[in-house]
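S.K.: Structure here, sequence nowhere to be found:
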């Protein structure tokens, strides 16, 4: 969805069109997906797919964690980017944070690999 930005200057108005924050946000989400894909060894298709293999699901949770902490994307936007439902994103956030707090070694290893991704 494009938006117009109107800037007021003394004596005249300037209208800037095609401001598209949603497009920039989607690009950032796809950039994060590419980076997680390269770190994890899974393809983008696998990370956004339906497989329930534990290691892959944990990397999906890590991607969700990055999207939530590195962007201002809504749950719905992140869900669309991952072909999931918003409730799945909430579940991923909860489980990822709980496992980190519990000291789960696998989650800590994944977190250490992704924490510097920007």
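M.R.: Perfect, I can see it now. Source: prediction; values computed, not measured.

S.K.: So which other helices or strands are in contact with the lengthiest helix in the chain?
M.R.: If you go by DSSP state H, the chain has its longest helix at helix 21-40. If contacts are counted by 3 or more CB pairs under 8 Å, 6 or more residues apart in numbering; DSSP states H and E, helix 21-40 sits against helix 44-47, helix 54-70, helix 75-82, helix 105-114. The way it works is simple: take the backbone N, C-alpha and C, and place the C-beta from them, glycine included.

S.K.: which one of those lies closest to residue 99?
M.R.: helix 105-114 (4.1 Å; CB to CB).

S.K.: May I see the buried residues of the closest one?
M.R.: Neighbour counts over helix 105-114 (16 or more other CB atoms under 10 Å) mark 107, 110, 114 as buried.

S.K.: ok, the last one - contacts?
M.R.: So that's residue 114. 36, 39, 62, 65-66 (CB atoms under 8 Å, 6 or more residues apart in numbering).

S.K.: The first one too?
M.R.: Contacts were defined as CB under 8 Å, 6+ apart; by that measure residue 107 touches 58, 96, 99-100.

S.K.: For it, give me the pLDDT.
M.R.: Listed pLDDT for residue 107 reads 90.

S.K.: Nearest residue to the residue sitting nearest the centre point of the chain in space, please, no chain neighbours.
M.R.: Centrality entry for the chain: nearest residue to the mean C-alpha point is residue 67, 2.5 Å, by CA atoms, centre = their mean. Excluding its sequence neighbours, the residue lying closest to residue 67 (CB to CB, 6 or more residues apart in numbering) is residue 78, at 4.6 Å.

S.K.: Let me know whether that neighbour touches residue 29 as I believe.
M.R.: Yes - between residue 78 and residue 29 there is a contact under CB atoms under 8 Å: 6.9 Å.
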